[in-house]
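Participant: Quick check, what structure comes out for this input:
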Amino acid sequence: MKTQIPAQAKTPLVEKDLELNIIKIVGVLIPENPMLFFEELYSFTEEFLQKTKKLNLHVDLEYFNTSSARYLYDYLKKVIPISDLQLTWFYDSDDEDILESGKEFEELCKIKFEFVEK
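Facilitator: Below is the predicted model of the structure:
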């Protein structure tokens, strides 16, 4: 069963698929109130983790701003200890910034990411 938080002009689509143990975050991440967005994302994730601890998180962001990066880091630090997390970071072949950001998150979070070129 798939459920989602629809994409808005400044926030990404967030979709969870319990059959595949996947949460996808896809699009642009520049919310006016990042705290509110990430509170909703964390609640969405907690509901998911009540069903299974195995989480495949797919992050496929076109762009995110500095404040969103901080909240994304905080979100990952909350999720890592309470789940069996596998994180896949998607990037466009011509977007070195997104790839480098993923590598920075990987280093900060101290878990191995899978990097997938689109």
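
Participant: Surely Val116 touches Ser93?
Facilitator: No: here Val116 lies out of contact with Ser93, judged by C-beta atoms under 8 Å, at a distance of 10.8 Å. Using the backbone N, CA and C atoms, a C-beta is placed for each residue, glycine as well.

Participant: Between the two, which is the more surrounded one?
Facilitator: Val116 (12 against 8; other C-beta atoms under 10 Å).

Participant: Helix, strand or coil: sort out that one for me.
Facilitator: Following DSSP: H, G, I helix; E, B strand; the rest coil, Val116 is assigned to strand.

Participant: List the beta-bridge partners for it.
Facilitator: Listed beta-bridge partners, Val116: Phe90 (assigned using DSSP bridges).

Participant: Next up, the contacts around it.
Facilitator: Neighbour list for Val116: Thr88, Trp89, Phe90, Tyr91 [criterion: C-beta atoms under 8 Å, 6 or more residues apart in numbering].

Participant: any idea of the mean pLDDT for stretch 71-83?
Facilitator: Averaging pLDDT along stretch 71-83 yields 96.

Participant: Pull it out as PDB, backbone CA atoms only.
Facilitator: Output in PDB follows, covering the C-alpha atoms of stretch 71-83 (Å, rounded to 0.1, in the frame of the first residue of the first chain):
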ATOM      1  CA  TYR A  71      16.800  19.600   9.200                       C
ATOM      2  CA  LEU A  72      17.500  16.700   6.800                       C
ATOM      3  CA  TYR A  73      20.600  15.900   8.800                       C
ATOM      4  CA  ASP A  74      18.600  16.000  12.100                       C
ATOM      5  CA  TYR A  75      15.900  13.800  10.500                       C
ATOM      6  CA  LEU A  76      18.500  11.200   9.500                       C
ATOM      7  CA  LYS A  77      20.100  11.200  13.000                       C
ATOM      8  CA  LYS A  78      16.700  10.500  14.500                       C
ATOM      9  CA  VAL A  79      15.900   7.700  12.100                       C
ATOM     10  CA  ILE A  80      19.200   5.900  12.000                       C
ATOM     11  CA  PRO A  81      19.100   4.500  15.600                       C
ATOM     12  CA  ILE A  82      15.500   3.300  15.400                       C
ATOM     13  CA  SER A  83      15.600   1.600  12.000                       C
END
